[in-house]
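Trainee: please work out how this folds:
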Amino acid sequence: MPLKVGDEVLQVVNWERRHDHMQQHSGQHLISALFEKDFNYNTKAWWLGAESSYIDIDGKDITEAEMKIVERKANELIAQALPVKVEMFDTPDCAGDEVTRASRGLPIDLSGPIRVINIEGVDSNMCCGTHVSNLAQLQMIKLMNIEKAKNKILVHFLVGNRVLKKLETSFQRELQLNLLLK
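Mentor: Okay, the predicted model is just below:
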């Protein structure tokens, strides 16, 4: 049954899922910004999975050492609880120098307001997603592995509660293996 103007509706947000998505998405912004700032690797795309996510990095090769640097810096910034702010600009031109990273650019025929996510002193990027209000809400970031696929370098990562879940699963598996090996 279609809604009519003036109809009252009840909307329910699945907070656990939304918070998870906010953590993963804001974490992706932070990781992408650090790869670009420190190593000049741009993000071509990213994927939010049910259990883990990845960033498609525009680079020829990413080393384990670079992964460790990005992970360490990300977690240091999380500990600083830097603000994450949403800024609206009437037109793309009004954003001026505010946008430091726009991997895909804007369509030529875009008119109207744009939304910029700003991680204080780290990144300013056009985005329409949901985000945390400060980096401390990310809790932590774990860069898992690098997957080299056809013309792609995928950096798999976990943020916040997903890191805790992975640690708990790994710990339980280790306990079970210890019992089997006794």
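
Trainee: would you confirm that Glu168 belongs to a helix?
Mentor: Yes. Assigned with DSSP: H, G, I helix; E, B strand; the rest coil, Glu168 falls within a helix.

Trainee: leaving out chain neighbours, which residue sits closest to the residue nearest the centre of the chain?
Mentor: By C-alpha atoms, centre = their mean, the mean C-alpha position of the chain lies nearest to Gln28, the distance being 1.8 Å. Leaving aside its sequence neighbours, Gln28 sits nearest to Trp46 (C-beta to C-beta, 6 or more residues apart in numbering; 5.0 Å). No exception for glycine: its C-beta is placed from N, CA and C like everyone else's.

Trainee: surely the one you found is within a strand?
Mentor: Yes. Under three-state DSSP, Trp46 falls within a strand.

Trainee: run a quick neighbour tally on it.
Mentor: 20 (other C-beta atoms under 10 Å).

Trainee: ok, back up a step: OK, contacts around the residue nearest to the centre of the chain?
Mentor: Residues counted as contacts of Gln28 (C-beta atoms under 8 Å, 6 or more residues apart in numbering) are Thr43, Trp46, Leu48, Ser53, Ile55, Phe157, Val159.

Trainee: which residues sit in contact with the nearest residue to the third one once chain neighbours are set aside?
Mentor: For Leu48, ignoring the flanking residues on the chain, the nearest one in space by C-beta to C-beta, 6+ apart is Gln24 at 5.4 Å. Neighbour list for Gln24: Leu48, Ser53, Val159, Gly160, Arg162 [criterion: C-beta under 8 Å, 6+ apart].
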